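Asker: pasted the sequence and its predicted model underneath.
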Amino acid sequence: MTPAPFEPHLRPVTLADDGFLFTLYASTRARELASWGWSAAQQEIFLRTQYQAQARHYAAIYAPEGHALIEVDGVPVGRQWLVRTDAETLLVDLALLPSHQGQGLGTRLLCAIQEEATRARVPVRLNVTRDNPALRLYTRHGFMPVPGSESASPYLELRWQAPEGDSGTSLE
């Protein structure tokens, strides 16, 4: 059965996806880099270095089983990386190309993560930069700052827990 239009399909990331993953990473830093006044060549070097550092770091500490490419109509549009344990679901990364933001896709993916965590009876935890527009999405879906988060940090740690008695069958 083929997914409905704009129905996300998740598949495991492969080595062949590296070019797309770099493009996606670069798109998440575009707004930031635009304000620096760097040439395209300087930006490319910086982005490649940062992308490779992030990829090595993530691969060293997170199991690859939770790393998925997000496709719509067979075309890659983002990535999701979850780490599932008995104690929590850690949302390492959820990123969409700018052309697929603001259309409800992120909401669908986040709701699916919350539903899964509810069924597993675990909270969802994530870190997001304080200036990331996705912060509005997370707070709209009930994510709350973790007490003790360092206010000087550019990152905010957020946590979501299903309401008591919720069996995970009716999240919207």
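Answerer: Happy to help now that I have it. Residues are numbered from 1 along each chain as shown.

Asker: the protein: helices as residue ranges?
Answerer: Residue ranges of the helices in the chain, as given by DSSP state H, are 18-34, 40-61, 105-120, 134-140.

Asker: any chance of those helices in a markdown table with distance to Val75 as columns?
Answerer: For every residue, glycine as well, the C-beta is placed using N, CA and C. A markdown table is the format used below for these (distance: least, C-beta to C-beta, whole Å):
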| stretch | distance to Val75 |
| --- | --- |
| helix 18-34 | 10 |
| helix 40-61 | 21 |
| helix 105-120 | 12 |
| helix 134-140 | 21 |
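
Asker: out of these, which is closest to Leu69?
Answerer: Evaluated with C-beta to C-beta, the helices of the chain place helix 18-34 nearest to Leu69, the distance being 7.4 Å.

Asker: most packed of the helices of the chain?
Answerer: Stretch with highest mean neighbour count among the helices of the chain: helix 105-120 (a mean of 18; mean count of other C-beta atoms under 10 Å).

Asker: quick one: average pLDDT of that helix?
Answerer: Mean pLDDT, computed over helix 105-120, is 96.

Asker: got it, and stretch 163-172?
Answerer: Computed over stretch 163-172, the average pLDDT equals 59.

Asker: likewise for stretch 24-43?
Answerer: For stretch 24-43, the mean per-residue pLDDT is 90.

Asker: likewise stretch 138-150?
Answerer: On average, stretch 138-150 scores 89.

Asker: for Leu96, find the nearest of the helices of the chain.
Answerer: helix 105-120 (5.9 Å).

Asker: returning to that earlier point: looking at the helices of the chain, spot the one closest to Leu82.
Answerer: Among the helices of the chain, the nearest to Leu82 by C-beta to C-beta is helix 105-120 (6.7 Å).

Asker: what's the closest one packed up against?
Answerer: strand 67-72, strand 75-84, strand 89-96, strand 124-129, helix 134-140 (3 or more C-beta pairs under 8 Å, 6 or more residues apart in numbering; DSSP states H and E).

Asker: how about the ones you listed in a markdown table, adding distance to Thr28?
Answerer: Formatted as a markdown table, these follow (distance: least, C-beta to C-beta, whole Å):
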| stretch | distance to Thr28 |
| --- | --- |
| strand 67-72 | 14 |
| strand 75-84 | 10 |
| strand 89-96 | 5 |
| strand 124-129 | 10 |
| helix 134-140 | 10 |
